[in-house]
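S.K.: Build the 3D model from these lines:
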Amino acid sequence: MRQIALFGCDPGGARSGSTFAPPHTASRCGERGRKEGPFRSAIWLPGAQALPGIHGQEGRAMRTLQRSSYTRNVRLFLVALALHGLSSAIYGLWLNLHLLDLGYSRGIMGVLNALPSAIVLGIGLPAGWWADRVGRRPMLILGGLLMAIGTVGVGLGISPLWVGLGVGLIGTGYSLFFIVYAPFLTENASEAERTRLFALSSAILFWAGFLGEWIGGALPDLFRTFGPVGPTIYAGPILLTALLDFLAVLPLLGIREVPRASPRTSLAGWRTQALWDPIVPMAIPNLLLGAGAALSVPFLNVYFHERYQLDDQTLGVLFALTSAVTGFATLLAPAIARWIGRIATVTLTQGLSIGFLIGMALTDQAHLAALAMVLRGALMNMASPLYTEFCMEQVPATGRAAVSGILNLTWEAGWMIGAALSGFLQQQYGLVSMLLSTAALYGVGTLYQYLAFAARDRVAVACGKQVFRGQIS
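M.R.: Now for the predicted structure:
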C-alpha cells in the first residue's frame, strides 16, 4: 500500500489508507491518493489534537513557538511530503506490472496489495497512542526510513517472501508517517492559517502525483536503454522511488518538535467512542467504498496494459492527466455543495463516476476507456473532503481524532478485503469483472450515504451552517 491516500479518497491508480492519498499499500495506499485514499482528502488521524484545547503556560509556550518557527517546520514537512507524493505516484504506476513480470499469480498480487492494509489495521490505533508520547518528529523519520527500506526490498526481491517483507515495511512506515500528518500540521499552524495549510498540503500531493506519473511513464523505456538494475524492467523505477523516499527523510531531520499538552485520550477511550452513534453508520460506506476501490484501482494500469495494449509512457500520461483533472475538480465541489448540500454533492458526483466506470469496463475503444477513466477519477474524488468534514461535524471536538482513526481503519479493512478478492476475480472471471464489482460496491455505498445522511445535512444547510471549510476537522 504505497499510494498516499487518506480514507474517503479514490486514488485512481497510483500506489494504493490513506490516500491522501491527501492514506502505502502494495500500491502505497487507498484510491488516490488512502486515500475513495489516499487520494487524497485531508482527515483527522488518531492522535490529532486541536490547539484550542491546550491551556495555561504550556499553551502559551506552544503558541509562541509556533509564531517563531512553524513556517520552517511546515516548509520542511511539505518538501518531504512532495517527495513522498512523487515517489508514490511512480511506485504505484509500475508495482503490479513488476509483480506480474516476476511471474507471480494474480492471487499473490492481490495478497501483496492487501498486506499493508492488514498492517495498518493492526498498528493504527497503538501507533496513534505512541505518537502522542514520543513526538511527531521521531514518527515521521522512522516512517520515512521504513518506507524507503521496504521499497528497496520490493525492487530487488525475487521470491514472494522477500517482496512481501518489503511491502510489509512499507505498510508499517506508511502508518507511522501519515498517522501524525494531521496532528503535525495542526500543531504547527495557527487556527486561522490551518485551512490554507491543509489545502496546500492536499494540492502538493495531487500535483506531485501528476508530476510523478508524467515522469514515471518514461522511466521503463529509459531503463531499457541503459539496462535493467533489478529482476524486471520495472525494478529500476521502483528503486528510484526508494531513493526519493530516502531524500524525503533529510528535511524531516531539520524539524523542531513543538511542545504539546499531555495526551488525555487512551486506547480504552477510543474503543468506547467507537460505540457512539453515528460512528457505525458513518463507517459502513467507508467499508464498502474501500473494498470497491481496492478491487480495481491498484490494477487499472494492468487493465489498460493488457486489454488495450497501452505502452508504458502512454500509461504514465493517462494517470498523470487523471491526477491533474482531479485536482481541478476538487476545487469545484464546495461551490456545488453551497447549492445542494454536501451529501447531495457526494451522491451526485459519485453516482456520475459509477456510470463512467461501467462505461470503461464495457467499451472496446481505448480512447473512450481513457476518457472514462479520467472523468471517473475526478468525479469519484472531488467531493470526498465534503463527506470527511460532514463526519467530523457529527461528533464532539474532543472525539474527532479517535473517530477519524476508526473511520480510517474501516477504510483499510475494506481495502484489505477488496485487494485480496481482486486477484481471485481476475483469475476466475477476467479484468472486466473487477470493474463491475467495484461499480456495484460504489453504488451501494453511495446510496447508503444519501439515505443515511442527506436529511441531516439538509437541516444543517437550512440552519445556515457553513457548508465547507476545507479543513481537517
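
S.K.: where's P281, which helix or strand?
M.R.: According to DSSP states H and E, P281 maps onto helix 279-296.

S.K.: which other helices and strands contact that helix?
M.R.: In this structure, helix 279-296 makes packing contacts with helix 106-134, helix 400-429, helix 431-462, judged by 3 or more C-beta pairs under 8 Å, 6 or more residues apart in numbering; DSSP states H and E. Placement of C-beta: from N, CA and C, glycine included.

S.K.: Using JSON lines, lay out the ones you listed together with distance to T225.
M.R.: Output for those, formatted as JSON lines (distance: least, C-beta to C-beta, whole Å):
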{"stretch": "helix 106-134", "distance to T225": "27"}
{"stretch": "helix 400-429", "distance to T225": "31"}
{"stretch": "helix 431-462", "distance to T225": "30"}
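
S.K.: Need the winner for burial among these.
M.R.: helix 400-429 (a mean of 25; mean count of other C-beta atoms under 10 Å).

S.K.: Which stretches in the stretch 251-400 of the chain count as helices?
M.R.: With helices called from DSSP state H, counting those that start in this stretch, the stretch 251-400 of the chain shows them at 267-273, 279-296, 300-307, 312-330, 333-340, 342-362, 366-382, 384-393, 400-429.

S.K.: tell me the mean pLDDT over the third one?
M.R.: What it means is helix 300-307. Helix 300-307 carries an average pLDDT of 91.

S.K.: who touches it?
M.R.: For helix 300-307, contacts defined as C-beta atoms under 8 Å, 6 or more residues apart in numbering pick out 12-13, 92-94, 96-97, 100, 296, 310, 315, 318-319, 366, 369-370, 373, 431, 434-435.

S.K.: switch the cut-off to 7 Å
M.R.: Helix 300-307 is contacted from outside by G13, L93, N96, L97, L100, L310, L315, L318, M373, L431, using C-beta atoms under 7 Å, 6 or more residues apart in numbering.

S.K.: so V249 makes contact with G144?
M.R.: Yes - here V249 reaches G144: they are 4.4 Å apart, a contact under C-beta atoms under 7 Å.

S.K.: So if I had to pick from the two, which one is more boxed in?
M.R.: Neighbours per residue (other C-beta atoms under 10 Å) separate V249 from G144, with G144 holding more: 26 against 18.

S.K.: measure that one to P237 for me?
M.R.: For G144, the distance to P237 equals 19 Å [C-beta to C-beta, to the nearest Å].

S.K.: Which parts of the stretch 101-250 of the chain are helices?
M.R.: Along the stretch 101-250 of the chain, counting by DSSP H, counting those that start in this stretch, helices occupy 106-134, 136-156, 160-178, 181-187, 191-216, 219-226, 235-253.

S.K.: what about the residue nearest to R376 when sequence neighbours are not counted, neighbour count?
M.R.: Excluding its sequence neighbours, the residue lying closest to R376 (C-beta to C-beta, 6 or more residues apart in numbering) is F356, at 4.0 Å. Per other C-beta under 10 Å, the neighbour tally for F356 reads 21.

S.K.: then stretch 433-450 to PDB, C-alphas only?
M.R.: The C-alpha trace of stretch 433-450 is given here as PDB (Å, rounded to 0.1, in the frame of the first residue of the first chain):
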ATOM      1  CA  SER A 433     -15.400  -8.400 -13.600                       C
ATOM      2  CA  MET A 434     -13.300  -6.400 -11.100                       C
ATOM      3  CA  LEU A 435     -14.500  -3.100 -12.600                       C
ATOM      4  CA  LEU A 436     -18.200  -4.100 -12.500                       C
ATOM      5  CA  SER A 437     -17.800  -5.400  -8.900                       C
ATOM      6  CA  THR A 438     -16.300  -2.000  -8.000                       C
ATOM      7  CA  ALA A 439     -19.200  -0.300  -9.600                       C
ATOM      8  CA  ALA A 440     -21.700  -2.400  -7.600                       C
ATOM      9  CA  LEU A 441     -19.900  -1.700  -4.200                       C
ATOM     10  CA  TYR A 442     -19.600   2.000  -5.100                       C
ATOM     11  CA  GLY A 443     -23.300   2.100  -5.900                       C
ATOM     12  CA  VAL A 444     -24.400   0.500  -2.600                       C
ATOM     13  CA  GLY A 445     -22.000   2.700  -0.600                       C
ATOM     14  CA  THR A 446     -23.200   5.900  -2.300                       C
ATOM     15  CA  LEU A 447     -26.900   5.100  -1.900                       C
ATOM     16  CA  TYR A 448     -26.300   4.300   1.800                       C
ATOM     17  CA  GLN A 449     -24.600   7.700   2.300                       C
ATOM     18  CA  TYR A 450     -27.500   9.500   0.800                       C
END
